[in-house]
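Student: No sequence on hand, only this structure:
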């Protein structure tokens, strides 16, 4: 069965928290949404919509694993007509920078610090001691969140990415609202889908279809498996973990046993074929 590629855009309706390991009392936030987090949010929403009794999360999650492949979602701004995504890039001289997808010359690149200033806010919080009904000692913290509005321009924040579908999933295509990330019970992470249009490439990178779709690029736009094929890369290695509530022994499990190349890593070749792992969303060399 053939695959079909779509580009979809989700507008951020409330602040979004997609966490990374904290720094002291600061709960840090990613500027993008990993595919595994997106899969989890879609699985939960689809299961709850179909449920007559207890939601069948396993069935919905397996169906998405078998019939869909998700790219990461990256922040985007509206230029008046189109939503333009900002993509991470590791440059050998400048480190991590962000470049808007319609500006390939790099003249308007932003440093990671500049990008975080445009997108993030810090929300204070503390735990309450039930005995004294006051702040518990040592519990004061701040949580970074992606704002629903860009700080410096009159544009809402959207998240743009791609999805490969092996067969038409009407329940997925009809889904227009989603809660994603942490603290969704407190109203965080509400997304509204603006469009879902058929596409021919992934952020400008050509795509080929065999048994599994592959993306041909030398710029990794997800966490990627290390490979002996590459002798020189510009990027960052990160050990990735996630929650698995079906595991009774330890719900926090590593996504991969070895560190992964972070989004934006540059490979020293012209083009590399990558496939998206069905369960984790990690990119692997074909």
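Tutor: Sure thing, it's come through. Remember, it's a predicted structure, so these values are computed and weren't measured experimentally.
Student: Find the nearest non-adjacent residue to residue 35, please.
Tutor: residue 281 (2.5 Å; CB to CB, 6 or more residues apart in numbering). The way it works is simple: take the backbone N, C-alpha and C, and place the C-beta from them, glycine included.
Student: Wait, a helix at residue 281?
Tutor: No - read with DSSP: H, G, I helix; E, B strand; the rest coil, residue 281 is coil and lies in no helix.
Student: Show the model's pLDDT score for the residue nearest to residue 35.
Tutor: Residue 281 carries a pLDDT value of 92.
Student: Residue 103 now?
Tutor: Looking at residue 103, the pLDDT reads 88.
Student: Give me the sheet partners of the one helix or strand residue 273 maps to and which way each runs.
Tutor: Assigned by DSSP states H and E, residue 273 falls within strand 272-276. When pairing is defined by DSSP bridges, strand 272-276 lines up against strand 213-217 (antiparallel), strand 283-285 (antiparallel).
Student: I figured the residue nearest to residue 35 hits residue 39, correct?
Tutor: Yes - the criterion here is CB atoms under 8 Å, and residue 281 meets it with residue 39 at 6.7 Å.
Student: Can you pull the phi/psi pair for residue 118?
Tutor: Backbone geometry at residue 118, expressed as degrees, to the nearest 10, gives phi -70, psi -30.
Student: no wait, residue 66
Tutor: phi -80, psi -30.
Student: What is the burial count for it?
Tutor: As a burial measure, residue 66 scores 10 neighbours (other CB atoms under 10 Å).
Student: residues touching it, list them.
Tutor: 166, 278 (CB atoms under 8 Å, 6 or more residues apart in numbering).
Student: host element of residue 86?
Tutor: Counting by DSSP H and E, residue 86 is found in strand 83-91.
Student: Okay, buried residues for that strand please.
Tutor: 83-90 (16 or more other CB atoms under 10 Å).
Student: counting contacts, what elements does it pack onto?
Tutor: strand 74-78, strand 95-100, strand 158-165, strand 266-267 (3 or more CB pairs under 8 Å, 6 or more residues apart in numbering; DSSP states H and E).
Student: So which of the ones you listed is nearest residue 8?
Tutor: strand 158-165 (6.2 Å; CB to CB).
Student: contacting residues around that closest one?
Tutor: By CB under 8 Å, 6+ apart, strand 158-165 touches 3-12, 32-33, 38, 67-78, 83, 85, 172, 191, 194, 196, 199, 202-203, 213, 276.
Student: How about stretch 207-214?
Tutor: Contacts for stretch 207-214 (CB under 8 Å, 6+ apart): 2-3, 5, 69, 164, 200-201, 215-216, 273-276, 286.
Student: Got a quick ChimeraX command for the buried subset of those residues?
Tutor: A single ChimeraX command selects the buried members of the contacts of stretch 207-214 (16+ other CB under 10 Å):
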select :3,5,69,164,215,216,274,275,276
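Student: those helices in the stretch 51-200 of the chain, which residues are they?
Tutor: 57-67, 112-119, 170-173 (DSSP state H, counting those that start in this stretch).
Student: Residue 49: which of those helices is closest?
Tutor: helix 170-173 (7.2 Å).
Student: In that closest one, which residues are buried?
Tutor: By 16+ other CB under 10 Å, the buried positions in helix 170-173 come out as residue 172.
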